[in-house]
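S.K.: the following comprises the amino acid sequence and a computationally predicted model.
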Amino acid sequence: MSTSRAGRVMRPALVHDTPNLRNTKQIHESFGPLAPSRMYSRGGDGPTVRFVATTQDDALEAADDAVDALLESGWEPRNVALLTTGHRHPVQVERTDFHDQEGYWRTYWDDDVFYGHVLGCKGLERRAVVLCLNEDGSRDRARERLYVGMSRATDELVVVGDPETVRRVAGDDVARRLGV
């Protein structure tokens, strides 16, 4: 420790490196530059993060196709989520209208694919996530939406959206990591 000119004890600033145990190394490496603090990956190996290029207008349909592909490859529906960054998915709207908000959240624990918006899913996770970038990235918190959505997957992540939106919101580094 050292002292300031005024005689006060100065303590060194601590920098915390946060371990990421939740996500596979591949998922962590894809969103790492978006994290609000420096993190290092402690997760296991997993499949490569996939990026499905599409237009904003076709993003929901392409995301639905990605969910179907996960299910066809053997994923159990209860382990899959489709998260949107823009407008809610029609299935989420339907479930909310049918069950009310409280009933909708009970569907998170059902044995079916979960449909949600990224900002409502902070702190939640699924083994496989399809992240649907169904906005142009110009709204407030667009970078946060992308980070939260990408970090919800523990084992497999598929990002669906417009490559230019990824570049604009997340930068060239994240775009490169996604293979854009």
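M.R.: Good, I have the coordinates.
S.K.: ok, M150 - contacts?
M.R.: 27, 30-31, 34, 49, 131, 157, 159 (Cβ atoms under 8 Å, 6 or more residues apart in numbering). For the C-beta atoms, the positions are set from N, CA and C on the backbone; glycine is no exception.
S.K.: narrow those residues to those in strands?
M.R.: Within these, residues falling in strands by DSSP state E are 131, 157, 159.
S.K.: returning to what we had before: now render the contacts of M150 as CSV, adding distance to A62, pLDDT and neighbour count.
M.R.: Below are the contacts of M150 laid out as CSV (distance: Cβ to Cβ, whole Å; pLDDT from 0 to 100; neighbours: other Cβ atoms under 10 Å):
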residue, distance to A62, pLDDT, neighbour count
I27, 20, 74, 26
S30, 18, 72, 26
F31, 20, 74, 26
L34, 22, 76, 19
V49, 16, 86, 23
L131, 11, 97, 30
L157, 15, 95, 28
V159, 11, 96, 27
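S.K.: and which of the residues you listed is nearest Y104?
M.R.: L131 (19.5 Å; Cβ to Cβ).
S.K.: so the closest one makes contact with S151?
M.R.: No. Between L131 and S151 there is no contact under Cβ atoms under 8 Å: 9.8 Å.
S.K.: distance-wise, check D110 relative to R95.
M.R.: According to Cβ to Cβ, to the nearest Å, D110 stands 10 Å off from R95.
S.K.: between the two, which one's more packed in?
M.R.: More crowded of D110 and R95, by other Cβ atoms under 10 Å: R95, with 22 against 11.
S.K.: show me what contacts the more buried one?
M.R.: Contacts of R95 by Cβ under 8 Å, 6+ apart are 103-104, 107, 115.
S.K.: tally of neighbours for A69?
M.R.: If you count neighbours by other Cβ under 10 Å, A69 ends up with 14.
S.K.: looks to me like it is in a helix.
M.R.: Yes. According to DSSP: H, G, I helix; E, B strand; the rest coil, A69 belongs to a helix.
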